[in-house]
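Participant: Predicted coordinates and the sequence they were generated for:
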Amino acid sequence: MNASTSLPLKGAAVKSSGLNYARLLRSALPGVSLAVLLITIFIMQPRAMSYMGMNLMLNLAVPIALATVAQMLIITVNDLDLSLGSFISFVACVAATLLDQHPVLGCLVLLGCIAVYALLGALIHIRNLPSIVVTLGMSFVWMGAAVLLLPAPGGSAPEWLQSLVRIKTPLLPFAIIVCVVLAIAVHVFLMRSTLGVVLRGAGGNPLAIAKAGWSLLRIKITMYALAGTFGVFAGLFLVGLTTSADASIALRYTLLSIAGVILGGGEFVGGRVSPTGAVLGALTLVLAGSLLSFMRISPDWQIGAQGAILIFVLALRMSVNRLEARPL
Amino acid sequence: MKRVPLLTTVMGKPWLWSFLAALLIWIATIAFTGGQGAGSLLSGSLSFSAFFVIVGIGQMFVITTGPGNIDLSIPANIALSGAIGMKLMDGQPGLIWLGVVGVLGAGMLIGCANYALIRVLRIPPIIATLSASFLLQSMAIAYGRSIRIQPPEMFYQFCTGNIWGVPFLAISVVLLAVIMGYVLTRSIYGRWTIAIGQNARAAELAGGHVNLIRFATYVLSAVFASLCGLLLAGFSGGASLSMGEEYLLASIAVVVIGGTSVAGGFSNVPGIWGAALFLYLLVSMLNTFGASAGVRLILTGLIIIAVITAVSGRKSARTA
Amino acid sequence: MSDFQRALVTFQGVGKSFGAVRALSDVDLSVQAGECLGLIGHNGAGKSTLMQVLAGTLFADCGALLVGDQEVRSSYGVQMARQHGIRCVFQELSLCPNLSVAENTRLMSPAIRGWGWRRKAKALIEASLDQIFPGHDIRGDDIVAQLPIGKRQMVEIARAFVRVDERLDLVILDEPTSSLDSRVAEQLLQFVRRFVCTGGSIVLISHILGEMLDTCDRITVMRDGRVVEIRPAANFTHASLVECMGSAAKAACEQHVFVSRRAHGSPVVTQRPARQANAMTVNAHPGEIVGLTGLAGHGQSQLLIQILRQCIASGQGAALVAGDRQNDGVFAMWSIAENITISSLAHLKRGALIDPDAEHALAEEWQKRMGIRTPDMRNPILSLSGGNQQKALFARALASRSDLILMDDPMRGVDVGTKREVYSIIAQEAAKGRTFIWYTTELEELDYCDHIYVFRDGQAVLDLPRSQLSEEQILRCSFVEQTA
């Protein structure tokens, strides 16, 4: 409908500052929820507030954060990747077998994976396919390939990978540094660079981007290839931590990564995403698990608690949105 | 000139393709085995497909209501409902009714919860059903932890028995599909569902009770998933936690392969049967050919992608 | 035509077909440097197609397209148009709602790059806005989604005039004033004149004749994909323009003697607009046609939707004819028949199911009554022209048994012939006792209304019976700042 055309009113200034306040609150929400979670953990378990404690809690967060960033890139162009978990599992399997025994072949396979992602992006764009269904199909493919490669759990990650993910950094644990660097790097690329503007614009109004002379095909390919790259990183980091792999090692990551993006303030359509938020969202989901174990809640309810946190944060966001939408 | 009506009839019925594909695969399998086991293959595929169809119908109605609408809580729902059903029946024939009523009630509650998250908290459906499924999964783990309970004999017979090779289950689900087919195309509810899927705002302005229809749709999907969980538990001699896992992908796959538009507003019920038969026959064909699990998975995936590529190619050719 | 001037762009015998439909045939037209060329015509006359060819978003099938003296048709495209300094502001908004105003500016100007590009883009777009729309109150880092539609349109226009080391010779403005209020529209038209005086060229498409006559140097009239007339604007009048467009024969609007229906009986609708500060309500009595007017976007549509929701919730029933067909009206994947019957399904049931025969009969009946031009009501709704789609939406509302029909500026983009047909049907239905509440942006449509409410700032500020209707008073109430 016609939104009311503005007339210079006395209330205008008040309204816009109120808007900004709500916007600020909403973008702060992922950070605030993580902080609340951390503080609760520290109060319940002061020992967690140490270098070792943080490292223990957050180590497994890095692959999830990487996966969340990958998912976020896909969501930016209004698609959804339901194959991410099985893809990361496959990468882990490759790393634990091929990459260890035949490093060159392993690298080629991983590069091939990224190429497959780029191709998927092209296919989805050219034939105008629903990404949900295509990636659903791909999840079978990756899983099948992983089973072929590693029929039973096992294999071993290359030494260099294992030592890489266990680097002891001064002051802050490696996991935190990786997450911070990841968040900043992706933020600068997606939110601050001119290329990032085009990529996000393709999520907001693809027609306009095409009219402005950009190739949507190239944008999709770029986004999918980038997502594939982050997926590969996630798989490598994961297998470095676990040292061995199995074909279903990261299946949960599909849903966790979607949840992470949403927790971080991203929206499904319209190219509204936040890289820093996505990383914070992933950390929140991981820490929620730690909190539960500190609270001695049965692991049966681990997954349920992640769901509950998701619902809680979204409910909070909705109330912030209401605040914003409230007419004056 | 005369071929045009025929062509448009075929184009207007995208579900024919899924049946055609199922038939081809069945023939290929039989050609490979030299005709052996053709009947039992068909009978088996009818049974297994029936489960796909039940969840597929529910998922289809949800997908029909428009882009972004999808029920991800189906697998967890199936696991929980199977457990509830078996517990309530407690192996006694006299309690079958209680199990059925209990499971249907649970399905309705789950549907209401899903929609409450979508409506009250304004959560996008994918995330709402996703987070609901996290909760349901935990409930299923906690609730279904106790020892495995066998279904009552009579219920087991219903779920596995057949008449002249046609499973009871398949007959019931065909009936259900016929009814739901009419509901989709000839009932007021169905019409509005399709209308909402095409343009929710226009549907509201045309006098549709959009929220009510969507509410009904999510409840319908949840009830069908619960029903599937109950029957699956009866079929496989008890509920298990991982029982529902494959049904998320399967429910979406049968809807898409059946010719329903993932963007909503364009759906059909018969195609779900064709697609379910196709998927099952495909897996058994690969088994017959002696393919390993990995190859089976890869081929299944590639075929889903191939089908969606072919389907959307056809559709864009039609709208162009 | 003055050929001795420098022609910036020249079309020679340009044609374009979409399947069997010839959208453009044999178009000869040139745009001179330093002029504002008006382009006017009915829906489907080919204006937008021609401009899309010029902007490079569509390729011409035949003929020649000369930019300067170069023949460029075969290699022409968006990028090339831009290189030649040709830009376009299309009717549909082409901003990315998730990006800020400055970021949207950057999308169009690849030259804004390097360190600090965001600051540069912000400065450029704000300068452009200042130049065109003084006092606009838009900031470069506002997110587009959070701006009202009028301001988005302003951003879009301002963006087309941002220049960074590039040529900017010609800007196409396709219905630029449609979502602007009159004050801002006036600012824009003044800017167009200034821009033209500095040597730039503008192609202006508008359906507001006064705007065209005042702003353009020359006006080109198109009909059925052809250019039928090009004259200096000064040689046109309202009447001659309309005549050239070849609209349907004008039937003299029969002036009924006004009889108020408010003397007795109670209103079917008594609604206070959501933002109404005083106790004034919008009332509609049975059989009345109530008009809502005022500047576009001042709460008229919102009032209609408010009434609709309440009537549906209370079970009283009401039907709405949407003006924004794509977003509010049409079910694109359905047939014309299905589009019409959706609001009447409850009456088409036999047992629990919808009766296809009854449905078909209803569709046929309304095809006749509305004169929807199609061989078969089972054809897809999108096979109809815009005007006929609008008739189908009228049929949907009228076929429903609601006694209250709400109309949300339904004649947007509808040709004159269709309008007249629909006006007479509305009058007939009202005579049968149906109540109409009609939001319209076209003042002459108020002649058909019994009572007129003028809106400003989301409030009804004036209630006029038709006998007291005067354009001057409506305009005064739409603008003047006074509390009722």
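Facilitator: Happy to help now that I have it.
Participant: in the stretch 251-400 of chain C, which spans are strands?
Facilitator: Secondary structure of the stretch 251-400 of chain C (DSSP state E, counting those that start in this stretch): strands at C:269-271, C:282-284, C:289-294, C:319-321, C:349-350, C:353-354.
Participant: between those strands, which one is nearest to C:Phe236?
Facilitator: strand C:289-294 (27.1 Å; C-beta to C-beta). C-beta coordinates here come from the backbone N, C-alpha and C atoms, glycine included.
Participant: Can you mark which positions in the closest one are buried?
Facilitator: C:289-294 (16 or more other C-beta atoms under 10 Å in any protein chain shown).
Participant: now, which of those residues sits nearest A:Ile258?
Facilitator: Distances from A:Ile258 to the buried residues of strand C:289-294, taken by C-beta to C-beta, are shortest for C:Leu292, at 44.7 Å.
Participant: unless I'm mixing things up, the closest one is touching C:Ala284, no?
Facilitator: No: assessed by C-beta atoms under 8 Å, C:Leu292 is found out of contact with C:Ala284, at 10.4 Å.
Participant: shared neighbours of the two, which are they?
Facilitator: Shared contacts of C:Leu292 and C:Ala284, defined by C-beta atoms under 8 Å, 6 or more residues apart in numbering or on different chains, comprise C:Ile437.
Participant: Assumed C:Cys17 was part of a strand.
Facilitator: Wrong residue type there; residue C:17 is Ser, not Cys. Yes: under DSSP: H, G, I helix; E, B strand; the rest coil, C:Ser17 falls within a strand.
Participant: Next secondary structure element downstream of the host helix or strand of B:Leu175?
Facilitator: Per DSSP states H and E, B:Leu175 falls inside helix B:168-186. Next along the chain after helix B:168-186, taking DSSP H and E as the criterion, comes helix B:188-198.
Participant: circling back to that earlier point, is chain C contacted by the helix holding B:Leu175?
Facilitator: Yes: with C-beta under 8 Å from any C-beta of the partner chain as the measure, helix B:168-186 is seen reaching chain C through B:182, B:186.
Participant: what's next to that helix, contact-wise?
Facilitator: Taking C-beta under 8 Å, 6+ apart as the rule, helix B:168-186 contacts B:46-47, B:49-50, B:53-54, B:57, B:61, B:64, B:158-163, B:189-191, B:193-194, B:231, B:235, B:267-270, B:272-273, C:353-354, C:356.
Participant: and with 7 Å instead?
Facilitator: With contact meaning C-beta atoms under 7 Å, 6 or more residues apart in numbering or on different chains, helix B:168-186 is reached by B:46-47, B:50, B:53-54, B:57, B:158-159, B:161-162, B:189-190, B:231, B:267, B:269-270, B:272-273, C:353-354.
Participant: Just the pLDDT at the closest residue to chain A within the stretch 301-450 of chain C, thanks.
Facilitator: Nearest residue of the stretch 301-450 of chain C to chain A: C:Ser301, at 4.6 Å (C-beta to the nearest C-beta). C:Ser301 carries a pLDDT score of 87 in this model.
Participant: interface residues of the stretch 101-250 of chain B facing chain A?
Facilitator: Contact residues (C-beta under 7 Å from any C-beta of the partner chain) of the stretch 101-250 of chain B with chain A: B:117, B:121-124, B:126-127, B:130-132, B:134-135, B:137-139, B:141-142, B:249.
Participant: Which strand or helix spans residue 23?
Facilitator: If you meant another chain, say so; for now it's chain A. helix A:12-44.
Participant: think we crossed wires, I meant chain C
Facilitator: Per DSSP H and E, C:Ala23 falls inside strand C:21-32.
Participant: List the neighbouring strands of the following helix or strand past that strand plus their orientation.
Facilitator: Using DSSP H and E, the helix or strand that follows strand C:21-32 towards the C-terminus is strand C:36-41. Sheet pairing for strand C:36-41, assigned by DSSP bridges, gives strand C:201-205 (parallel), strand C:218-223 (parallel).
Participant: What is the burial count for residue 269?
Facilitator: Since no chain was named, I'll use chain A. Per other C-beta atoms under 10 Å in any protein chain shown, the neighbour tally for A:Val269 reads 14.
Participant: Correction: the question concerned chain B.
Facilitator: For B:Val269, the neighbour count with other C-beta under 10 Å is 25.
Participant: Quick check: buried residues in the helix or strand in which B:Val101 is found?
Facilitator: B:Val101 belongs to helix B:96-119 when elements are defined using DSSP H and E. Within helix B:96-119, the residues scored as buried using 16+ other C-beta under 10 Å are B:96, B:99-100, B:102-104, B:106-107, B:110-111, B:113-115, B:117-118.
Participant: what's the answer for stretch A:258-272, then?
Facilitator: Buried residues in stretch A:258-272 (16+ other C-beta under 10 Å): A:258-268, A:270-272.
Participant: residue contacts, the residue nearest to C:Asp169 when sequence neighbours are not counted?
Facilitator: Nearest non-adjacent residue to C:Asp169, counting by C-beta to C-beta, 6 or more residues apart in numbering or on different chains: C:Gly85, 3.6 Å away. Contacts for C:Gly85 (C-beta under 7 Å, 6+ apart) come out as C:166-170.
Participant: Now tabulate those in a markdown table and tack on pLDDT and neighbour count.
Facilitator: Converted to a markdown table, those look like this (pLDDT from 0 to 100; neighbours: other C-beta atoms under 10 Å in any protein chain shown):
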| residue | pLDDT | neighbour count |
| --- | --- | --- |
| C:Glu166 | 81 | 13 |
| C:Arg167 | 84 | 12 |
| C:Leu168 | 88 | 17 |
| C:Asp169 | 90 | 18 |
| C:Leu170 | 92 | 24 |
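Participant: Closest one to chain A out of these, please.
Facilitator: Nearest to chain A out of those is C:Glu166 (C-beta to the nearest C-beta; 12.9 Å).
Participant: give me every residue that touches the closest one.
Facilitator: Here C:Glu166 is in contact with C:85, C:111 (C-beta under 7 Å, 6+ apart).
Participant: Check which element follows the helix or strand containing C:Glu429 along the chain.
Facilitator: Using DSSP H and E, C:Glu429 sits within helix C:416-431. Per DSSP H and E, the first helix or strand lying C-terminal to helix C:416-431 is strand C:435-439.
Participant: Go ahead and produce PDB holding the CA coordinates of that next one.
Facilitator: Extracted in PDB, the C-alpha atoms of strand C:435-439 (Å, rounded to 0.1, in the frame of the first residue of the first chain):
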ATOM      1  CA  THR C 435     -22.500   0.900  -1.100                       C
ATOM      2  CA  PHE C 436     -19.200   2.000  -2.600                       C
ATOM      3  CA  ILE C 437     -16.200   3.600  -0.900                       C
ATOM      4  CA  TRP C 438     -13.900   4.800  -3.600                       C
ATOM      5  CA  TYR C 439     -10.400   6.200  -3.100                       C
END
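Participant: gap between it and the chain center?
Facilitator: Strand C:435-439 sits 19 Å away from the centroid of its parent chain (C-alpha atoms, centre = their mean, to the nearest Å).
Participant: And the contacts of stretch B:251-263?
Facilitator: A:130, A:132-133, A:136, B:14-15, B:17-18, B:52, B:55-56, B:59-60, B:63-64, B:67, B:74, B:266-268, B:271-272, B:274-276, B:278-279, B:304, B:307-308, B:311.
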